[in-house]
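**Q** predicted model follows, preceded by the sequence.
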Amino acid sequence: MSRTPLVAGNWKMNQNQSTGLALINSFVQKVDMKQDVDVAVCPPFTLLAKVREALNSTHIQLGAQDVFWADHGAFTGSISAPMLTEFCVSFCIVGHSETRGRFGKLEVEEDTIGYFAETNKTVNLKIKSLLYHGINPILCVGETLAEREAGKTESAIKTQLDEGLAGIDGAELHTLVIAYEPVWAIGTGKTCASDEAERICGFIRDWVAKNYPEDDLANDVRVLYGGSVKAANSKELFSQPNIDGGLVGGASLDPTEFAAIVANA
Ligand code: PEP
């Protein structure tokens with residue numbers, strides 16, 4: 001097994017030009033550059049240029065939070081994969097529960113949730129576009145609290161994987177990252193217990209093994225855990241055999257905390 005751990009920070013819709021620059025510079029100073037860990041930061045689109053500059057000559061990679069699947073055209077408000085490649089973006093989050101309109105704690109009014117309309121079909125189109133343009137997708141999957149309570153955790157995740165990765169050749173997926181993000185644990189302070197996170201990440205790896213047996217993908221694909229990861233719980237989560245690092249939201253906005261999480265990977 002030769003998977004390099006990955007810790008990716010998702011800044012979500014936070015930071016402006018000056019606070020974002022201060023955050024990334026502080027993180028660059030605090031993070032241990034000698035570690036054998038891949039680190040990525042996913043700022044909002046408006047900060048890609050500034051963060052790119054700050055990351056030049058570091059080993060920290062740049063990520064984006066979303067993408068549109070067409071290369072160009074009449075898609076007002078959208079950003080395409082070729083646009084992201086101009087900033088040397090290495091990773092792009094796809095299918096985050098928030099872009100799917102699934103919120104752990106409701107922060108938007110019920111009748112506006114349709115705005116966040118990502119489906120497994122759009123996830124699939126986005127992954128195909130990213131792979132075509134050489135950007136590694138971070139595919140987020142995970143169950144809502146209602147699905148967990150109804151005993152549908154595995155079936156919900158299986159559908160997200162079946163449909164999100166439909167029609168993609170295993171040979172293209174060696175750099176795929178899958179993030180298990182239980183919706184009820186995102187931004188809520190509730191972390192999934194490490195043994196349960198390990199069980200579901202193992203389920204995801206088994207899905208990869210079953211669906212791509214010929215490519216030995218299960219040994220290459222990195223499976224991350226995301227959902228209220230902090231320095232205090234990251235060591236135990238990252239020590240699980242099927243958890244290859246974390247997708248970190250809130251804690252990635254604190255450079256000391258995020259550097260400590262990286263140190264635990
Ligand atoms: C996320 O946004 O992917 C996430 C896991 O957020 P948080 O760490 O804040 O729960």
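**A** Structure's in. What do you need? Residues are numbered from 1 along each chain as shown.
**Q** distance of whatever residue of the chain ends up closest to the ligand from residue 225?
**A** Nearest residue of the chain to the ligand: residue 249, at 2.1 Å (CB to the nearest ligand atom). All C-beta spots, glycine's among them, are computed from the backbone N, C-alpha and C. As judged by CB to CB, to the nearest Å, residue 249 and residue 225 stand 12 Å apart.
**Q** contacting residues for residue 47?
**A** 11, 15, 17, 20 (CB atoms under 8 Å, 6 or more residues apart in numbering).
**Q** dump the residue contacts of the third one.
**A** The contact partners of residue 17, taken as CB under 8 Å, 6+ apart, are 46, 47, 50.
**Q** then residue 215?
**A** With CB under 8 Å, 6+ apart, residue 215 has these contacts: 170, 171, 173, 174.
**Q** kindly recompute the last result at 10 Å.
**A** Counting by CB atoms under 10 Å, 6 or more residues apart in numbering, residue 215 touches 169, 170, 171, 172, 173, 174, 208, 209, 221.
**Q** tally of neighbours for the fourth one?
**A** By that I understand residue 172. 14 (other CB atoms under 10 Å).
**Q** what is in contact with residue 249 and residue 225 at once?
**A** residue 181.
**Q** helix or strand next in line after the longest helix along the chain, which one?
**A** Counting residues, the longest helix found in the chain (DSSP state H) is helix 194-211. Sequence-wise, the next helix or strand downstream of helix 194-211 (DSSP states H and E) is strand 222-226.
**Q** pLDDT averaged over that following strand, what's the number?
**A** Average pLDDT, strand 222-226: 97.
**Q** which parts of it are buried?
**A** 222, 223, 224, 225, 226 (16 or more other CB atoms under 10 Å).
**Q** packing partners for the following helix or strand past that strand?
**A** Proceeding N to C from strand 222-226, the next assigned helix or strand is helix 231-238, under DSSP H and E. Contacts defined by 3 or more CB pairs under 10 Å, 6 or more residues apart in numbering; DSSP states H and E place helix 231-238 against helix 194-211, strand 222-226, strand 245-248, helix 255-263.
**Q** recalculate using a threshold of 7 Å.
**A** helix 194-211, strand 245-248, helix 255-263 (3 or more CB pairs under 7 Å, 6 or more residues apart in numbering; DSSP states H and E).
**Q** which helices and strands does the longest one pack with?
**A** Put plainly, it is helix 194-211. helix 153-164, strand 177-180, strand 222-226, helix 231-238.
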